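# Next input, structure requested:
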Amino acid sequence: MHGRVARGMVRGVAITIATLFLVAPAAASGSANQSCSWAFRLSGDQVNAAFPDAAARYWVAELPIPPGFHVEISGQFPHARYISFITYDATSRAIDGIADDEIVPAPGSTNPFVAGARRTALHRSYTVFVRNEVAPAQRAPNTIYTERTGQPTKTSRPTQTALVIYRVYEPDRGLDITGGVGLPNVSAVADNGTQRIDYPSCPDHSLPSTQALTDGLAGAGPGAGNDSVPSTKLGGRNPPVWVRYTNAVNGVANGVLNNGLTGPTPAWPPVSSATNLVPSGGFYENINNAYMTAFVSSSFGDVVVFHAKAPSTPRTYDGEKRMGTGQLRYWSMCSNTSTTQYLACVKDDDVPLDPRRYYTIVISTAANRPQTATTACGITWLPKGPMPSAPIILRNMLPAPTFKQAIQNASQGTEQQTLGPYYPQGRYFDHAADFDKWVAANGGCGHFAWPGG
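Got it, this is the predicted structure:
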């Protein structure tokens, strides 16, 4: 049953996205021009689906590639933290992709995403190629493919199309969502060079804003109470348990079975093992990210708090002149709904850290937000939303080879051991007032120190 549920969720997201290819051109609402190839974007204020990140924008294109042709995507490197181009199959699983620092710039241009590169370089052109082929052992530069050896079930090659998502994470302060350079142009080009078909420019296909819906969900949920209602122990574990994401079926099973009633035994362990045999991916995952999910539940208290050491990252948002390095390129934590929307996210440079580089993040309904859960007190807050249980997602992007505590190096069952101090330890509180008293007893607002160091 759980496999059918998971497939239904993935299919529902895929159908929603596929439908938007048909309706987006008719929903033009802006005067800015862009290539007609980019049918719509995923984001909290547009299509909030497939667990997006609030700091990212995802532009989606379904590109026909006739026999004897390939696609060329040409643009300017944006002023941002990260970009990528990734191909997907019909079930929302990633096939192939290329990250920003892997793209060779055009002659005379600079790739500002390479460590140490000048981020303000004037000449910043690139071209990425999309080929309807199985990726060869010797890959062509700047090229992504519609099938990979060893993963023949992940393909769009028989349809002669490529579903491509272009991501831009965290444009620099004051710039638009494209990082100040607009969207790249797209052309279908004959392999022998005799034909070139440029996708025309057309009005911005932005859909009506859904930000009010996202904000409404984030602000919903009951206040304190339900003390007399027996806990079902469903919807999460106490303390919360983080699980490395492997595929959509396993992710849904985690939400359904990994709880205080069926989690330790008997249901979750065998189902986890069985679902991990399913091919990896789903929910239009980013191949440069690894994810962990913890389900938090009001069954255990109105407030849950997470505490962990923060990995270091580049500080691009405020316009650092040269591309920095860090243990990760980017990290974030998001609260979500099980219907794949995000409620809110906090990214690495939003989160106040203590002198030891540890963060404290509180999650509750807006009505149950503790008074001390503010950045002024050194504590970050995320909304839990209207449902009793909410999935919380932690992202790690592009870890440095020397950073062994990244999610990328964990497998299911080794998350806490692998991440060590970077694993978010969780604790529940019955009420917001209980959390505030605990903060007061451990240094108070602005001086809070997690007990035990």
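# Sketch out the helices for the chain, chain order is fine.
2-23, 211-219, 248-257, 268-275, 415-419, 432-441 (DSSP state H).
# all strands for the stretch 51-200 of the chain, in order.
Counting by DSSP state E, counting those that start in this stretch, the stretch 51-200 of the chain has strands at residues 56-64, 69-76, 80-88, 94-99, 125-134, 143-147, 161-171, 185-190, 196-198.
# Can you name the residues in contact with the fourth one?
Looking back up the chat, that one is strand 94-99. Strand 94-99 is contacted by residues 82-89, 128, 135, 142-148, 151, 154-156, 281, 284-288, 398 when judged by CB atoms under 8 Å, 6 or more residues apart in numbering. Quick note: C-beta positions are derived from backbone N, CA and C, even for glycine.
# Apply 7 Å and report the result again.
Strand 94-99 is contacted from outside by 84-89, 128, 135, 142, 144-148, 154-156, 281, 285, 287-288, 398, using CB atoms under 7 Å, 6 or more residues apart in numbering.
# Next: the last one.
For strand 196-198, contacts defined as CB under 7 Å, 6+ apart pick out 185, 187-189.
# Mind putting those residues into a markdown table with pLDDT, distance to Y342 and neighbour count?
As requested, the contacts of strand 196-198 are exported to a markdown table (pLDDT from 0 to 100; distance: CB to CB, whole Å; neighbours: other CB atoms under 10 Å):
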| residue | pLDDT | distance to Y342 | neighbour count |
| --- | --- | --- | --- |
| N185 | 95 | 30 | 17 |
| S187 | 96 | 33 | 18 |
| A188 | 96 | 34 | 19 |
| V189 | 97 | 37 | 17 |
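# Can you tell me which of those is nearest G426?
Closest approach between these and G426, by CB to CB: N185, at 46.1 Å.
# Surely P239 is in contact with R427?
Yes - P239 lies in contact with R427 (CB atoms under 7 Å); the separation is 6.2 Å.
# Neighbour count for these two, which is higher?
Using other CB atoms under 10 Å as the criterion, P239 and R427 rank with R427 on top: 18 against 13.
# Tell me which of the strands of the stretch 51-200 of the chain sits nearest to S209.
Among those, strand 56-64 sits nearest to S209 (CB to CB), with 13.5 Å.
# just checking, what packs against that closest one?
Counting contacts by 3 or more CB pairs under 7 Å, 6 or more residues apart in numbering; DSSP states H and E, strand 56-64 packs against strand 40-42, strand 161-171.
# My guess is N142 contacts T127. True?
Yes - contact criterion CB under 7 Å: N142 and T127 qualify, at 6.4 Å.
# Which positions within stretch 314-333 qualify as buried?
For stretch 314-333, burial by neighbour count (16 or more other CB atoms under 10 Å) applies to 314, 316-317, 323, 326-333.
# and if you look at stretch 132-146?
Within stretch 132-146, the residues that count as buried by 16+ other CB under 10 Å are 132, 134-135, 142-146.
# Next: stretch 82-91.
Buried, per 16+ other CB under 10 Å, within stretch 82-91: 82-89, 91.
# Ok, stretch 353-361 next?
354, 358-361.
# Columns distance to L175 and pLDDT on top of these, output as TSV?
Shown next, in TSV, are those (distance: CB to CB, whole Å; pLDDT from 0 to 100):
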residue	distance to L175	pLDDT
D354	31	96
Y358	31	97
Y359	26	98
T360	30	98
I361	27	98
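# Between the residues you listed, which sits nearest Y342?
Of those, the one sitting nearest to Y342 (CB to CB) turns out to be I361, at 14.7 Å.
# Local confidence estimate at S273?
Per-residue pLDDT puts S273 at 88.
# burial measure for it, as a count.
The number of residues packed near S273 is 12, by other CB under 10 Å.
# what's near enough to touch N185?
35, 74-75, 198.
# Can you name the two of those residues that sit furthest apart?
By the measure CB to CB, G75 and D198 form the most distant pair in the contacts of N185, at 13.2 Å.
# With neighbour numbers in mind, choose between these two.
Each of G75 and D198 has its neighbours counted (other CB under 10 Å); G75 has more, 20 against 15.
# bridging residues for the more buried one?
Y126 (DSSP bridges).
# Just confirm it contacts G180, I think it does.
No - in this structure, G75 is not within contact of G180 by CB under 7 Å, at 11.8 Å.
# Can you show me the strands along the stretch 301-450 of the chain?
303-309, 330-336, 342-347, 358-364, 380-383, 389-397, 425-429.
# now L328, nearest residue through space, not along the chain?
P311 (4.6 Å; CB to CB, 6 or more residues apart in numbering).
# Roughly how far does the one you found sit from F403?
Distance, P311 to F403, using CB to CB, to the nearest Å: 7 Å.
# hey, what's in contact with both of these two?
Residues touching both P311 and F403 (CB under 7 Å, 6+ apart): 327-328.
# Between the two, which has more neighbouring residues?
Taking neighbours as other CB under 10 Å, P311 and F403 compare with P311 leading, 22 against 17.
# Quick check: phi and psi on the more buried one?
With angles defined as degrees, to the nearest 10, P311 sits at phi -70, psi 150.
# Distance check, it against D354.
15 Å.
# A137 and R157: what is the separation?
17 Å.
# for F435, that is, sorry about that
Computed with CB to CB, the distance linking F435 and R157 is 53 Å.
# Comparing those two, which residue is more hemmed in?
For F435 versus R157, neighbours defined as other CB under 10 Å are more numerous around F435 (27 against 20).
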